[in-house]
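S.K.: Got a predicted structure here, sequence first:
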Amino acid sequence: MSKTDPHDTTDRTDDANSSGSEGGVDRRRFLQGTGLAALAGASGLGAASELLNFGGLETVDDPIGNYPYREWEDLYREEWDWDSVARSTHGINCTGSCSWNVYVKNGQVWREEQASDYPDINEELPSNNPRGCQNGACFSDYVNADHRVKYPLRRTGERGEGKWERISWDEALDEIAEHVIEKVQEGEYDGIDSYTPIPAMSPVSFASGTRLVNLLGGVSHSFYDWYCDLPPGQPLTWGHQTDNAESSDWYNADYIIAWGSNINMTRIPDAKYFVESRYDGAKTVGIFSDYSQTAIHTDEWLGPEYGSDAALALGMANVIVDEELYDQEHLKEQTDMPLLVREDTGKFLRASEVGIDADDPEHAMVMVDGDGAFRLAKGSVGDRDGRTDFDASIELDFDPQLDVRTTVSTDDGDVPVRSVWNKLQERLAEYTPETVHDETGVGTETYQRIAREFANADRAKIIHGKGVNAWYHNDLGNRALQLLVTLTGNLGKNGTGFDHYVGQEKIWLFRGWQQLSFPTGDIRGMPSTLWTYYHADILEELESDDNWVSGEYDTADRIRESIDEGWMPMYPEEREDGTRPDPNTMFIWRANYFDQAKGAEFVEANLWPKLDLVVDINFRMDGTALYSDIVLPAATWYEKYDLNVTDMHTYVHPFTPAVEPMGESKPDWEIFRLIAERIQEIAQDRGIDPIPDRSFDREIDLQSVHDDYVRDWVTDEEDALTDGLAASEFIMEHSDETNPDYLDEQITFDDIVDQPQRFLGIDPHWTSSGELDQDTAYVPWQDHTEDKVPWRTYTGRQQYYIDHDWFLDFDEELPTYKEPLEEQDTDEYPLEYIQPHGRHAKHSTWRDDPKSLRLQRGEPTVWLNPEDAKERGIDDGDTVVMHNELAEIELVAKYYPSLPQGTAMHYFAWERFQYPNRKNFNNLLPMRMKPTQLVQYPEESGEHLYFFPNYWGPTGVNNDTHVEVQPKGGDSA
């Protein structure tokens, strides 16, 4: 950073007292020496002082006034001597969003330190300061790492073979631009795919590539569903992707259940709020199948069988309903429980069927009042203007009945109808104490007592995590757990809620980010799970092999129907002659798609060969880079401008360049701008005419693509967005959180360089929109619970009954429990295969960092119950082979007594190159999709469920797979 940079917040000290290197021991020699010293001590070869001539330990009478000077100690003194300090953070999908100070000396990152200047919310809540973890504390290792990508590289061997040649930026840009121009001219622009995840962690870098691909008519991929992080129960029930309280609100709760969310492992900067809530009198309960690192710090632990969480939650709900511990007023106004359902069809009774007037009576629902008369249920799709209507209300002027069983006269004759509440009671009655114990293994008295305590608490919340969400039936698990907070009215108030934190999924600064990312407004979005499933030819496997079909779901037919009906998009689009081309190009940045692809065997064998060009933009040679055609060197998080936000807190803070990008690396925004510039230069030289877009009323103009890239489409200002700083300021200028229309205040980039800033307002993308109360922790749902705005569901309420035909077909119209899939031979593969998030990496980042590897066993590890291991002749530390019918991988065994027997736990995201046979954890996974996650609802209009990237779409599945583990050299697959 230049000393004249207006965003330089440098603290400078006099270098006069620094020792320099003359006559001293440099850093590499010193570290080598300490290693020799340790070896010498361990092997009895003599004192380290004899080997290194550092001098022995001396007795010092006065350590202040008479301390012997030894030059090597200056290395430690120099740690507190620097030239400049910059503010930055770590753009990784960890949900942390922690502000750090980056210390620079002689143009190099010297160390990093947690910032501690987040403004406090109020005096009662514990401070947000500091935020950080051990991973962020060693990111400087990556800045100068040996595997840092410093120059453009082109593959010379087979993909994955590791043969590369260094090329110039001009060569790389020419090759990419020529390829893109060819595909656009051929009309194959919808085969140009882009994959980058989680805009919240660095929205400018996210937008850099999506902006160009949007201008080219290409496809932007979802990620939240693909990761299996999206909880589909939230859009199903609440009509929102997700919405969570910020973590400081945990302190406001009286009762917290951490359900499948291993907070102490995966939410390190926020775990303090969970622990400190107990000091304020809250009771904490951990529900984990293993006795996890969080369970040991809770007041009580319940350990259900893997995948049985829905059964446990429904058993608890049955207690709450049976003992009338529910919030009746909340259920009547805020939920679909009073709505009537026809017994003959399973469909909601519509206003049109009983002669009740509404704007659109075919899509308006019915209740029964205290006198037994049919009444309009306000706020449904038929009684409001579109999906979101802040002028409509669900507030009632009558008292609806909850428990209804009656008959109605219709054109079809007399039809019996029942309320959703009546049907739910019948469903919950199936979950008796005996049934719940048989399914979950949890003691009957224990879970019933926990249910009563939860219902009787003034403010109760559930912190929900991937432990529940990684299963094929994740939507059923979500809906069952959500039911507990709905029944008890624990929504819309501080200290309450269903907080799902898996990935930095939901973005503050939404409006500015969206305008920057998709300037044309015409978006080709694609659910990555379906795209991968389709183009990896897994659909063909389904249609040709009955063993791949999940019996009741006839998956292949449902996928075809969803695509044919237009419920889920599929790109490239089907052409007029009925053919569908293969995808041809893939841009990947800020991501490790190939290394983390479920169904990796099929991705590698069937999908990857279809791609003519794979471009990876990266600061390290990860698994995807190794399987790409061109790798472009990206600036690290300490070498560029960007923004950082998370749903764990309500602050925004920046990336600023502490040092110059290493080698020939460049910020993401600059890289994609240069690609756009080269495309435009070639197109202008050749006089390439605009290409009409086959789906949108626009043309793809390659002669102006760079001008359009740097143009501010809101103000039409030319050359307004030439760098990452300008793009950051654009986002802040156009977002409610930093520049709300209804306030005179504004947060600028200079402000957040000075210190993290708490938002001023909240975009309607969230559910407590408007001005942010600066003295209160953010909690969601207040638009609905306090302001009575209809929920963005078909019924306008929290909706637990889904009357879509597919849900009725599979008996999932109400929350229910279904066992995990067992499509494999469990005699041959008896171990449940689990891949949780770990502590020592964030996805694959830091998996190859030496410091992180030293904190663990340093190589891929499978955790086994000692009894399971001993049965197989496996000792702790043995090299083993884990395998199933798809693949086998080699790794090290670790005893874990807290793990239930019958489980193989392998923390995910180890890189392929860290396994001897270059296959990793995902090679053991098939690809599965649940058909009910492919629907549109209502079927003809989709106001409730419709594909929108990272809101609704099929999730990847991490669990529901079995393996066997054997000593290396034993019989395997």
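M.R.: Structure received. Keep in mind that this is a model prediction, so the values were computed, not measured.

S.K.: contacting residues for Ile263?
M.R.: Ile263 is in contact with Asp270, Ala271, Phe274, Thr294, Ile463, Gly465, counting by Cβ atoms under 8 Å, 6 or more residues apart in numbering. All C-beta spots, glycine's among them, are computed from the backbone N, C-alpha and C.

S.K.: what does Met526 give?
M.R.: With contact set as Cβ under 8 Å, 6+ apart, Met526 has these partners: Asp193, Val219, Ser220, His221, Ser222, Pro569, Met570, Tyr571, Pro949.

S.K.: Go ahead and confirm the last one touches Ser222.
M.R.: Yes. Assessed by Cβ atoms under 8 Å, Pro949 is found in contact with Ser222 at 4.1 Å.

S.K.: before we move on, the earlier item: with secondary structure added, can I get the contacts of Ile263 in a markdown table?
M.R.: A markdown table is the format used below for the contacts of Ile263 (DSSP: H, G, I helix; E, B strand; the rest coil):
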| residue | secondary structure |
| --- | --- |
| Asp270 | coil |
| Ala271 | helix |
| Phe274 | helix |
| Thr294 | coil |
| Ile463 | strand |
| Gly465 | coil |
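
S.K.: Just name the lowest-scoring one in the residues you listed, pLDDT-wise.
M.R.: For the contacts of Ile263, the weakest pLDDT value sits at Gly465, with 90.

S.K.: shouldn't it be in contact with Met265?
M.R.: No. Taking Cβ under 8 Å as the definition, Gly465 is not a contact partner of Met265, at 9.9 Å.

S.K.: more neighbours, the two?
M.R.: Gly465 (27 against 18; other Cβ atoms under 10 Å).

S.K.: OK, contacts around the closest residue to that one other than its chain neighbours?
M.R.: Leaving aside its chain neighbours, Gly465 sits nearest to Ser261 (2.8 Å; criterion: Cβ to Cβ, 6 or more residues apart in numbering). For Ser261, the contact set (Cβ under 8 Å, 6+ apart) comprises Arg267, Thr294, Ile463, His464, Gly465, Lys466, Gly467, Tyr501, Val502.

S.K.: out of these, what pair is the most spread apart?
M.R.: Pairwise distances across those (Cβ to Cβ) peak at 14.5 Å, for the pair Thr294 and Val502.

S.K.: who's in contact with Ser88?
M.R.: Ser88 touches Trp100, Val102, Glu112, Trp637, Tyr638, Pro654, Phe655, Thr656, Ala658, counting by Cβ under 8 Å, 6+ apart.

S.K.: Check the gap between it and Arg758 for me.
M.R.: According to Cβ to Cβ, to the nearest Å, Ser88 stands 19 Å off from Arg758.

S.K.: do Glu188 as well
M.R.: In terms of Cβ to Cβ, Glu188 sits 47 Å off from Arg758.

S.K.: circling back: could I get the contacts of Ser261 in JSON lines, plus columns for distance to Ala358?
M.R.: What follows is the contacts of Ser261, written out as JSON lines (distance: Cβ to Cβ, whole Å):
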{"residue": "Arg267", "distance to Ala358": "45"}
{"residue": "Thr294", "distance to Ala358": "48"}
{"residue": "Ile463", "distance to Ala358": "39"}
{"residue": "His464", "distance to Ala358": "35"}
{"residue": "Gly465", "distance to Ala358": "40"}
{"residue": "Lys466", "distance to Ala358": "41"}
{"residue": "Gly467", "distance to Ala358": "43"}
{"residue": "Tyr501", "distance to Ala358": "39"}
{"residue": "Val502", "distance to Ala358": "38"}
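
S.K.: of those residues, closest to Ser352?
M.R.: Nearest to Ser352 among the contacts of Ser261, with distances taken as Cβ to Cβ, is His464, at 37.9 Å.

S.K.: So what pairs up with the closest one in the strands?
M.R.: Beta-bridge pairing of His464 under DSSP bridges involves Trp259, His500.

S.K.: Tyr279 - how many residues pack around it?
M.R.: Using other Cβ under 10 Å, Tyr279 is surrounded by 9 other residues.

S.K.: now Gly370
M.R.: Per other Cβ under 10 Å, the neighbour tally for Gly370 reads 10.

S.K.: Residue ranges in the stretch 101-250 of the chain under the pLDDT threshold?
M.R.: For the stretch 101-250 of the chain, not a single residue meets the criterion pLDDT under 70.

S.K.: Show me where it has its helices.
M.R.: Listed in chain order, the helices of the stretch 101-250 of the chain (DSSP state H, counting those that start in this stretch) span 140-143, 169-185, 203-216, 233-238.

S.K.: Distance from the first one to the middle of the chain?
M.R.: Offset of helix 140-143 from its chain centre (Cα atoms, centre = their mean, to the nearest Å): 24 Å.

S.K.: what's the answer for the longest one, then?
M.R.: Average the C-alpha atoms of helix 169-185, do the same for its chain, and the two points are 32 Å apart (Cα atoms, centre = their mean).

S.K.: Give the other helices and strands that that helix contacts.
M.R.: The elements that helix 169-185 packs onto, with contact taken as 3 or more Cβ pairs under 8 Å, 6 or more residues apart in numbering; DSSP states H and E, are strand 153-155, strand 192-195, strand 585-589, strand 613-618, strand 630-633, helix 668-686.

S.K.: would you turn the ones you listed into JSON lines with distance to Asp475 and mean neighbour count?
M.R.: Conversion of these to JSON lines gives the following (distance: least, Cβ to Cβ, whole Å; neighbours: other Cβ atoms under 10 Å):
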{"stretch": "strand 153-155", "distance to Asp475": "40", "mean neighbour count": "19"}
{"stretch": "strand 192-195", "distance to Asp475": "24", "mean neighbour count": "26"}
{"stretch": "strand 585-589", "distance to Asp475": "28", "mean neighbour count": "26"}
{"stretch": "strand 613-618", "distance to Asp475": "32", "mean neighbour count": "23"}
{"stretch": "strand 630-633", "distance to Asp475": "38", "mean neighbour count": "25"}
{"stretch": "helix 668-686", "distance to Asp475": "34", "mean neighbour count": "21"}
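
S.K.: Quick one, which of the ones you listed gets closest to Glu565.
M.R.: Proximity to Glu565, assessed across these by Cβ to Cβ, is greatest for strand 192-195 (22.9 Å).

S.K.: So which elements touch that closest one?
M.R.: Applying 3+ Cβ pairs under 8 Å, 6+ apart, one finds that strand 192-195 makes contact with helix 169-185, helix 203-216, strand 219-221, strand 585-589.

S.K.: out of the ones you listed, nearest to Val436?
M.R.: Closest among the helices and strands packed on strand 192-195, once you apply Cβ to Cβ, is strand 219-221, at 39.6 Å.

S.K.: Please list the outside residues in contact with that closest one.
M.R.: With contacts defined as Cβ under 8 Å, 6+ apart, strand 219-221 is touched by 190-195, 210, 213-214, 517-518, 523-528, 531, 571, 583, 949.

S.K.: That strand pairs with which strands, parallel or anti?
M.R.: Applying DSSP bridges, one finds strand 219-221 paired with strand 192-195 (parallel), strand 524-526 (parallel).

S.K.: Please identify the buried residues of it?
M.R.: Residues of strand 219-221 classed as buried by neighbour count (16 or more other Cβ atoms under 10 Å): Val219, Ser220, His221.

S.K.: Closest to Ile92 out of those?
M.R.: Nearest to Ile92 out of the buried residues of strand 219-221 is His221 (Cβ to Cβ; 18.8 Å).

S.K.: Would you mind measuring the gap between the ends of stretch 839-858?
M.R.: Distance across stretch 839-858, first residue to last, is 13 Å (Cα to Cα, to the nearest Å).

S.K.: how about the CA coordinates for stretch 869-881, as CSV?
M.R.: Only the C-alpha atoms of stretch 869-881 are listed here, as CSV (Å, rounded to 0.1, in the frame of the first residue of the first chain):
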residue,chain,number,x,y,z
ALA,A,869,-11.5,-50.8,15.1
LYS,A,870,-10.5,-53.8,17.2
GLU,A,871,-13.0,-56.0,15.5
ARG,A,872,-11.2,-55.3,12.3
GLY,A,873,-7.7,-55.7,13.7
ILE,A,874,-7.0,-51.9,13.5
ASP,A,875,-4.8,-50.1,16.0
ASP,A,876,-4.8,-46.4,16.6
GLY,A,877,-2.5,-44.9,14.0
ASP,A,878,-2.7,-47.8,11.5
THR,A,879,-2.9,-47.1,7.8
VAL,A,880,-6.3,-48.4,6.6
VAL,A,881,-8.4,-48.6,3.4
